[in-house]
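**Student:** Okay, sequence plus prediction incoming.
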Amino acid sequence: MQWVDVPIRVRYADTDRMGIVYHGFYPMYFETGRTEFMREKGCEYRTFEDMGFHLVVTALEAKYHSTATYDDLLIVRTAVSEVKSRGVTFEYNVFHDGTLVVEGRTRHVCMNGEKRAIRLPPPLLDFLRNVESP
């Protein structure tokens, strides 16, 4: 797979009363991974939005394997695992010191400015197919 690794330092505000990263923060870490994946591969998400298109999350999965705590340096590893005419699936693995903390997946549908599902525009479709992992 064509993975992109993004470091994220756990903030105190990301933790619960037990000092462990609250499960609801991992989708935000996924978003950071996804944004930086696209940037590193040469297609900034903001440019896509400026053209009037949005990749809307339609499904999110997360499987928790371990814990992370305040000030841990996490690595969010992101890849594109599936591209269809109207959407894309991203895969994520979050590590701390080489240990898998969380694995996840988000599915997205392309929408236009009128909030209607549409086919991915050819430049974005080509880009995603070029970075899609076999």
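**Tutor:** Great, that's in hand.
**Student:** how about the strands in the chain?
**Tutor:** 4-9, 54-64, 73-84, 87-96, 99-111 (DSSP state E).
**Student:** Could you tell me which residues within the first one count as buried?
**Tutor:** For strand 4-9, burial by neighbour count (16 or more other C-beta atoms under 10 Å) applies to 4, 6, 8. Every C-beta, even on glycine, is put in place using the N, C-alpha and C of the backbone.
**Student:** Could you do stretch 112-130 as well?
**Tutor:** By 16+ other C-beta under 10 Å, the buried positions in stretch 112-130 come out as 120, 124, 125, 127, 128.
**Student:** of all these, which two lie farthest apart?
**Tutor:** Across these, no pair lies farther apart than 120 and 127, at 9.1 Å, counting by C-beta to C-beta.
**Student:** in this structure, which residue is closest to the centre?
**Tutor:** Centroid-nearest residue in the chain, with C-alpha atoms, centre = their mean: residue 34, separated by 3.2 Å.
**Student:** how many other residues sit next to residue 27?
**Tutor:** Per other C-beta atoms under 10 Å, the neighbour tally for residue 27 reads 15.
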